[in-house]
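> The sequence isn't on hand, but the structure is:
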C-alpha cells in the first residue's frame, strides 16, 4: 500500500527540526505497517488556520490523481485547524478513495472530523482571545499594542530576569521633524501630492524606508491611517480601531472598521509630536475639503473625482521609471511617478484614444506577421522535436527496465516451481513487483505528443482579429471584445523620445496562440508552455504619431 506523509509546524513554533521529527515517527509507523512511502509533503512556519499552503495543496492535487492510498500524519490538526477546511480535505480524499491515518487518532472517520475540527477551531479562537487580552492590557498601561509607526523607535530593554519588556516607544526626533513639516505644509495649502513630491525630491525616506506617496500622507481619516490622521502624534494611543479577518477563499487578511465603542484609547503625552492647535486646524481643513459644492447648478462634482477605467487599465507603464500611466484628466494619461511622487522626469502625456488606436493597430497589423510566424513555427517545431526525443529516450529506458524486471520475476517463479524456494526470495519478489508497478504506472501516464502549430495560424489570427474589431463596434459585444483585446496584451510601455512617445507593445504570445487556435486551452500549449524561451513576448514599437513601424519576436 502506497502512503504519503505530511508534516507542518506553525509560525508560533519556529523549530525547523519539528518537521523531521514528525516525518521520522511517521516513517517508523509506515514501516511497521508494511506501507511503501512514495512521497512526503511539508509546510514550514505556516499556520494551520488555512489551506492556502503549498505543501497541503500539492498533497491534495496528488491525492486527486490517486498517486497514493493513504495520507499519514502526526495528528489531524497538522492538516488543518479550520473546521471547513478539514472537512473539505476529508471529502476530497474520500472521493479519491484515499484513507487518512494519524498517529494520534488512527484511521480518521467523520466522527474525528467533527470533534477534532471543533477542538481545533476552539483552540484558534482561544489563542486569539488570549493574545488580544494581553495586548489590551499592554495598551491600558500606555504601551504599544504592536507595530511601529513613522516618528517613533522601539525601546529595547529587559527586566531583572532578562525577559524583554515589550511595547515601549520613544520619539525619533528626525522623523518627528518630518511629520511636523507635513502638518505645517498641509496647513499652508499644499496638497498631499505636492508634499510627497517635495519629500521624494529631497531624498527624505518615508515609512519603512519607502518613497512617499499621496495616500501615505492623507490616508483614511475614518480608519486613522496616514500621517495626517495618526492620533499618536497628539499623545493619544488608539487600539482596536480595526479588526482583521482572513478571506476564506484567498487566505489574505482584510481589515474591517470596528464600532467606536470598541476602541481602546489611552493618553500618552510623552509621545506627543504635534501641537493640539495644529492637529485641530488640519482636521478642519480635511473636513472642508471632503465635499466641495458645485460652482454652477447642474455641475457634476463626482466626475472630477472619478478615474474612468479604459481598455488597457493597469497595463500602461512608463519606460523611464516603471510607474503606471494613469488618467490625469478625462482624456489624458500621464506618468504616476512623475506627477504624484516626483521621482521621474517623464512629463509627456498621451491621449487615451490615440493610445488605444495605436495598440489595436499593432495587434491587428504587426503581431503574427506571416513571415515572422513561419520562422517561429520552424524554431518551435525543432525545439518540440528535441524535447520529444529526450522524453522518448527516457520512456525507452523505462520500457527496457520493465522488461528486465518482468524477466527477473519470471526467473524467481520458475525457480520456485523447480523446488528451489528460499525465504529471501519473498522480499526480492516484493521489491521487483513494486518496481514493476512503478514503471508500468510511469508508462501508462506518459502523454501522447500534442499537435504542432498550424502553419496557417498567422492567417487565422488576422481573420479572428478582424472579426473582433467588428465586435468592438457593436454595443452588445463591445465589453467582451475589449476584454479579449486586453487579454492579448501583457504590457504597453511608453518611452520618451524627444517630444514624442514610443509605444512598445508587448503581447502575451501564449494568449495570442490560444486566441488564434480558437480555444481556451489548446493541446499545443500543454507542451509549448514548457518552452519558456520560445514563448517570449512580442513587441510592437510605435514612433512619432503613434503609428506602429517595427515588430520583433
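Alright, I've got the coordinates. None of the values given here were measured: they were computed from a predicted structure.

> Could you check how far stretch 205-222 is from the centre of its chain?
23 Å (CA atoms, centre = their mean, to the nearest Å).

> Averaged pLDDT, it. What do you get?
Averaging pLDDT along stretch 205-222 gives 89.

> With stretch 9-16 instead?
62.

> can you check stretch 127-144 too?
Per-residue scores along stretch 127-144 average to 68.

> Where does pLDDT dip in the stretch 301-450 of the chain?
Low-confidence segments of the stretch 301-450 of the chain (pLDDT under 70): 301-310, 366-394, 445-450.

> What are the boundaries of the strands in it?
316-318, 325-327, 332-335, 350-351 (DSSP state E, counting those that start in this stretch).

> okay, the ones you listed in TSV with distance to residue 38 and mean neighbour count next?
From N, CA and C alone the C-beta is placed, and that goes for glycine too. Shown next, in TSV, are the strands of the stretch 301-450 of the chain (distance: least, CB to CB, whole Å; neighbours: other CB atoms under 10 Å):
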stretch	distance to residue 38	mean neighbour count
strand 316-318	46	22
strand 325-327	51	21
strand 332-335	54	22
strand 350-351	57	16
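
> Indicate which one of those is closest to residue 405.
strand 316-318 (56.3 Å; CB to CB).

> Who are the packing partners of that closest one?
Contact analysis of strand 316-318 by 3 or more CB pairs under 8 Å, 6 or more residues apart in numbering; DSSP states H and E lists strand 325-327, strand 489-497 as its packing neighbours.

> Single out the most deeply packed of those.
Looking across the helices and strands packed on strand 316-318 with neighbours counted as mean count of other CB atoms under 10 Å, the highest average goes to strand 325-327: a mean of 21.

> Direction included, what does that strand pair against?
strand 332-335 (antiparallel) (DSSP bridges).

> Which residues does the strand it pairs with contact?
If you take CB atoms under 8 Å, 6 or more residues apart in numbering as the criterion, strand 332-335 is touched by 316, 318, 320-321, 323, 325-328, 344, 346-352, 355, 494.

> circling back: just put the strands of the stretch 301-450 of the chain in a markdown table and tack on distance to residue 498.
Converted to a markdown table, those look like this (distance: least, CB to CB, whole Å):
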| stretch | distance to residue 498 |
| --- | --- |
| strand 316-318 | 16 |
| strand 325-327 | 18 |
| strand 332-335 | 16 |
| strand 350-351 | 14 |
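
> Out of those, which is closest to residue 213?
Going by CB to CB, the one of those nearest residue 213 is strand 325-327, 12.4 Å.

> any idea of the mean pLDDT for the strand or helix carrying residue 43?
Element membership of residue 43, judged by DSSP states H and E, is strand 36-44. Averaging pLDDT along strand 36-44 gives 92.

> Tell me which helix or strand comes right after it.
That would be, after strand 36-44 and using DSSP H and E, helix 54-64.

> hang on, the earlier thing: among the helices and strands packed on strand 316-318, which gets the worst mean confidence?
When I compare the helices and strands packed on strand 316-318, strand 489-497 is least confident, with a mean of 86.

> partners of it in the sheet?
strand 316-318 (parallel), strand 500-507 (antiparallel).

> closest one to residue 143 among the strands of the stretch 301-450 of the chain?
strand 325-327 (41.1 Å).

> List the residue ranges of the stretch 101-250 of the chain that fall below the pLDDT cut-off.
116-117, 120-121, 124, 131-132, 134-142, 144-147, 164, 167, 246-250.

> Surely residue 45 and residue 8 touch.
No. Residue 45 is not in contact with residue 8 according to CB atoms under 8 Å; the separation is 9.1 Å.

> out of the two, which sits in the more crowded spot?
Using other CB atoms under 10 Å as the criterion, residue 45 and residue 8 rank with residue 8 on top: 25 against 15.

> Can you tell me the strand partners of whichever helix or strand residue 72 is part of and which way each runs?
Element membership for residue 72, per DSSP H and E: strand 70-73. Note on strand 70-73: by DSSP bridges, its sheet partners are strand 2-9 (parallel), strand 99-102 (parallel).

> want to throw those into CSV with distance to residue 465?
What follows is the strands paired with strand 70-73, written out as CSV (distance: least, CB to CB, whole Å):
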stretch, distance to residue 465
strand 2-9, 47
strand 99-102, 51
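
> okay, those strands, which one's buried deepest?
strand 2-9 (a mean of 23).

> which helices and strands does the helix or strand following that strand pack with?
Going down the chain from strand 2-9, the next helix or strand is helix 17-33, by DSSP H and E. Counting contacts by 3+ CB pairs under 8 Å, 6+ apart, helix 17-33 is packed against strand 2-9, strand 36-44, strand 70-73.

> now the angle from the longest one to helix 54-64?
Yep, that's strand 36-44 we're talking about. 150 degrees (axes from the mean of the first three to the mean of the last three CA atoms, to 10 degrees).
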